[in-house]
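Engineer: take this sequence and fold it.
(one chain, ligands or ions: 1)
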Amino acid sequence: MEDQSIMLEARDLAKCFTLHMQGGVDIPVFESAALSVRAGDCLVLAGPSGAGKSTLLRCLYGNYLAQAGSIRVRHCGGMVELVGAEPRVILNVRRLTLGYVSQFLRVIPRVSTLDLVMEPLLSRGLTKEEARERAEALLARLNIPRTLWQLAPSTFSGGEQQRVNIARGLIADYPVMLLDEPTASLDATNRKTVIELIHDALARGTAVVGIFHDDAVRNAVCTHSYDVTRDRLAA
Ligand SMILES: Nc1ncnc2c1ncn2[C@@H]1O[C@H](COP(=O)(O)OP(=O)(O)OP(=O)(O)O)[C@@H](O)[C@H]1O
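Structural biologist: Residues are numbered from 1 along each chain as shown. As a prediction, this is how the structure comes out:
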């Protein structure tokens with residue numbers, strides 16, 4: 001019987017970069033990564049710098065294609081395979097199920113902060129009014145000054161851009177969230193707010209996979225961890 005609480009699972013994942021512009025050098029990152037995360041759990045990816053934490057997270061989001069293995073996500077009531085899935089399947093999973101907060105905001109010229117944060121809700125069919133109300137509340141909670149809401153975030157500070165990124169990532173209550181160092185550029189007050197937002201998401205049953213370099217943040221949210229060097233250690 002399938003465990004219905006598992007939201008995301010990866011098995012036998014392999015990723016190797018080939019640097020075609022540099023003589024075809026191969027950089028193997030992992031050969032048989034395996035993890036699973038349940039609703040309401042926060043799985044922390046651990047391992048030293050360069051071990052492959054961000055690469056694994058990007059594979060889970062479908063930004064990097066794994067050479068082998070399986071990534072299954074609970075989407076619309078069933079488990080959907082992401083490795084080798086058609087782009088339209090991946091886009092649909094991202095629209096409804098799988099959120100991702102990268103380390104850096106991808107700024108789109110001339111698109112205002114408010115529009116950036118509202119967009120995931122509009123793409124899920126919420127009205128403009130509902131989306132605006134929720135975006136404003138989240139931006140206020142993340143201490144983004146109201147004077148900045150109508151501006152494109154290209155001129156914002158590193159911490160402000162990161163908070164806009166977090167707002168955009170967390171606004172839609174995705175059932176599965178991938179977080180790549182969401183607090184790296186934040187001060188103590190905003191770090192605390194992000195911890196609260198992650199706790200709120202976990203309490204709603206969101207499954208989280210994250211990378212947190214800050215010990216205090218990691219300890220506050222972690223329910224279990226996965227060392228990305230595990231398969232190499234066992235070899
Ligand atoms: N796009 C890429 N092309 C080629 N090699 C890459 C690429 N992305 C990552 N790598 C390599 O893969 C390995 C793992 O990198 P990754 O960024 O996943 O590590 P990490 O554990 O997240 O490190 P850190 O904690 O320092 O952020 C590194 O050796 C890196 O050089």
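Engineer: tell me what the longest helix anywhere in the chain is packed against?
Structural biologist: Assignment by DSSP state H gives helix 188-204 as the longest helix of the chain. Counting contacts by 3 or more Cβ pairs under 8 Å, 6 or more residues apart in numbering; DSSP states H and E, helix 188-204 is packed against helix 158-170, strand 207-211, helix 215-221. For the C-beta atoms, the positions are set from N, CA and C on the backbone; glycine is no exception.
Engineer: which of these sits closest to the ligand?
Structural biologist: The ligand lies closest, by Cβ to the nearest ligand atom, to one member of the helices and strands packed on helix 188-204: strand 207-211, at 6.5 Å.
Engineer: ok, the closest one: who's next to it in the sheet?
Structural biologist: Counting by DSSP bridges, the strands paired with strand 207-211 are strand 42-46 (parallel), strand 176-180 (parallel).
Engineer: which of those strands sits most buried?
Structural biologist: strand 176-180 (a mean of 25; mean count of other Cβ atoms under 10 Å).
Engineer: got the angle between it and helix 158-170?
Structural biologist: Calculated by axes from the mean of the first three to the mean of the last three Cα atoms, to 10 degrees, strand 176-180 forms an angle of 160 degrees with helix 158-170.
Engineer: pLDDT below threshold where in the chain?
Structural biologist: Scanning the chain with the threshold set as pLDDT under 70 gives 1, 231-235.
Engineer: on that earlier part again, and the longest helix of the chain with strand 207-211, angle?
Structural biologist: Going by the same axes, to 10 degrees, helix 188-204 makes 150 degrees with strand 207-211.
Engineer: how far does helix 188-204 sit from its chain's centre?
Structural biologist: Mean-position distance between helix 188-204 and its chain equals 14 Å (Cα atoms, centre = their mean, to the nearest Å).
Engineer: would you mind listing the buried residues in that helix?
Structural biologist: For helix 188-204, the neighbour count (16 or more other Cβ atoms under 10 Å) marks 190, 191, 193, 194, 195, 197, 198, 201, 202 as buried.
Engineer: show me the contacts for the closest residue to residue 199 other than its chain neighbours.
Structural biologist: Counting by Cβ to Cβ, 6 or more residues apart in numbering, residue 199 lies nearest to residue 221, which is 7.0 Å off, once chain neighbours are set aside. Residues in contact with residue 221 (Cβ atoms under 8 Å, 6 or more residues apart in numbering) are 42, 44, 195, 198, 199, 202, 208, 210, 212.
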